[in-house]
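In: coords please:
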Amino acid sequence: MDSHIEASRVGALSAGLLKGQTALVTGANSGIGKATAIGLGRAGADVVVNYVSGLEAAEEVVREITSFGVRAVAHEADVSQEAQVTAMVDRTVQDFGTLDILVANAGMQRDATFTDMTLAQWQKVLDVNLTGQFLCAREATKEFRRRGVVPEVSRAAGKIICMSSVHQVIPWAGHVNYASSKGGVQMMMQTLAQELAPEKIRVNAVAPGAIRTPINRSAWETPEAREDLLRLIPYDRIGDPEDIAHAVVLLASDLMDYVVGTTLYVDGGMTLFPGFATGG
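Out: Numbers count the residues shown, from 1 in each chain. Here you go, the predicted model:
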């Protein structure tokens, strides 16, 4: 199906789901973050488009979101830096009045074999992928608590959606820092969900599989690489960023109000261990 037709069809289904809410999406000027920010705007939310570099790309995302008749702004911040995260959430509340949805998406890779991996490579990935999500969730939760539940807006006081990966459960040689960070995201999400649920703050995660983004271009841009990758995907297609955006919009909506502490795998069946389909 043509991607524009698909976007239009999904947009019609999601229209108004998040009307009157404000969302903050980290790492939102490209890839999954970009598609997610646009999807939230299409569903009626005002959106803060976080980026750490690439202002022009962030402003392009803002322009597309505002075309839906909602508000959007770009905000530069490094999610691994506590003061910058605090300032970003404070500015969101100043500009939009409150914050309803956090999508902690910002992430990175610094790949190397285990014995060749430097401490700097290890630390940087953990700082962004795990500590960054912790800092953003902590500051968002403070605003959720301050405001509480506003029934005419949402049944929840706030929604936190952590962006994880199939590699929270699938080991990934040559990427120990990345896989470790995503395993940490899984346990962090579940622990936060347990702690915050009594306050009507819903915490969940989305775990993408192979998605067509710049971060993993080498895995799908040639016919040979694509064929190798498809062997790992029972559904026989590589995912698009919009596949993740749809999942996030659904999890952020009141349609999923009883979903707490869950990871939604959006992976075409990659976590089904397809190598065993023929008996192993």
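In: hey, where'd the strands end up in the stretch 151-280 of the chain?
Out: 158-163, 201-208, 263-266 (DSSP state E, counting those that start in this stretch).
In: point out the most buried one among those.
Out: Highest mean neighbour count of the strands of the stretch 151-280 of the chain: strand 158-163, a mean of 27 (counted as mean count of other CB atoms under 10 Å). Any C-beta I mention is one placed from the backbone N, CA and C, and that applies to glycine too.
In: just checking: what are the partner strands of that one?
Out: strand 101-104 (parallel), strand 201-208 (parallel) (DSSP bridges).
In: how about a markdown table for those, with mean pLDDT and distance to residue 65 added?
Out: A markdown table is the format used below for the strands paired with strand 158-163 (pLDDT from 0 to 100; distance: least, CB to CB, whole Å):
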| stretch | mean pLDDT | distance to residue 65 |
| --- | --- | --- |
| strand 101-104 | 99 | 13 |
| strand 201-208 | 98 | 19 |
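In: switch those over to a markdown table; also include distance to residue 158.
Out: Output for the strands paired with strand 158-163, formatted as a markdown table (distance: least, CB to CB, whole Å):
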| stretch | distance to residue 158 |
| --- | --- |
| strand 101-104 | 7 |
| strand 201-208 | 5 |
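In: and of these, who's closest to residue 149?
Out: Smallest distance to residue 149 across those (CB to CB): 9.5 Å, for strand 201-208.
In: how far is the closest one from where the chain is centred?
Out: Strand 201-208 sits 8 Å away from the centroid of its parent chain (CA atoms, centre = their mean, to the nearest Å).
In: re earlier: among the strands paired with strand 158-163, which is nearest residue 277?
Out: Of all the strands paired with strand 158-163, strand 201-208 comes closest under CB to CB, at 20.6 Å.
In: with just CA atoms, put that closest one into PDB.
Out: C-alpha atoms of strand 201-208 as PDB (Å, rounded to 0.1, in the frame of the first residue of the first chain):
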ATOM      1  CA  ILE A 201       0.700   7.200  35.900                       C
ATOM      2  CA  ARG A 202       1.000   4.500  33.200                       C
ATOM      3  CA  VAL A 203       4.500   3.300  32.200                       C
ATOM      4  CA  ASN A 204       5.000   1.000  29.300                       C
ATOM      5  CA  ALA A 205       7.500   0.300  26.500                       C
ATOM      6  CA  VAL A 206       7.700  -0.300  22.800                       C
ATOM      7  CA  ALA A 207      10.400  -2.700  21.600                       C
ATOM      8  CA  PRO A 208      11.100  -2.300  17.900                       C
END
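In: closest one to residue 60 among the strands paired with strand 158-163?
Out: Of these, nearest to residue 60 by CB to CB is strand 101-104, at 18.5 Å.
In: what lies in contact with that closest one?
Out: Contact with strand 101-104 is made by 18, 21-26, 28, 33, 36-37, 40, 45, 79, 132-133, 136-137, 140, 158-163, 248, 252, as judged by CB atoms under 8 Å, 6 or more residues apart in numbering.
In: filter those down to the ones in strands?
Out: Judged by DSSP state E, the subset of the contacts of strand 101-104 located in strands is 22-25, 158-163.
In: doesn't residue 191 make contact with residue 162?
Out: No: Residue 162 is not in contact with residue 191 according to CB atoms under 8 Å; the separation is 11.3 Å.
In: would you format the strands of the stretch 151-280 of the chain as CSV with distance to residue 75 included?
Out: As requested, those are arranged in CSV below (distance: least, CB to CB, whole Å):
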stretch, distance to residue 75
strand 158-163, 18
strand 201-208, 22
strand 263-266, 26
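In: tell me which of these sits nearest to residue 115.
Out: For residue 115, the closest of these is strand 201-208, at 28.1 Å, according to CB to CB.
In: contacting residues for the closest residue to residue 74 other than its chain neighbours?
Out: Distance criterion CB to CB, 6 or more residues apart in numbering; nearest residue to residue 74, sequence neighbours excluded, is residue 58 at 3.9 Å. Taking CB under 8 Å, 6+ apart, we find residue 58 in contact with 28-29, 49, 51, 74, 76.
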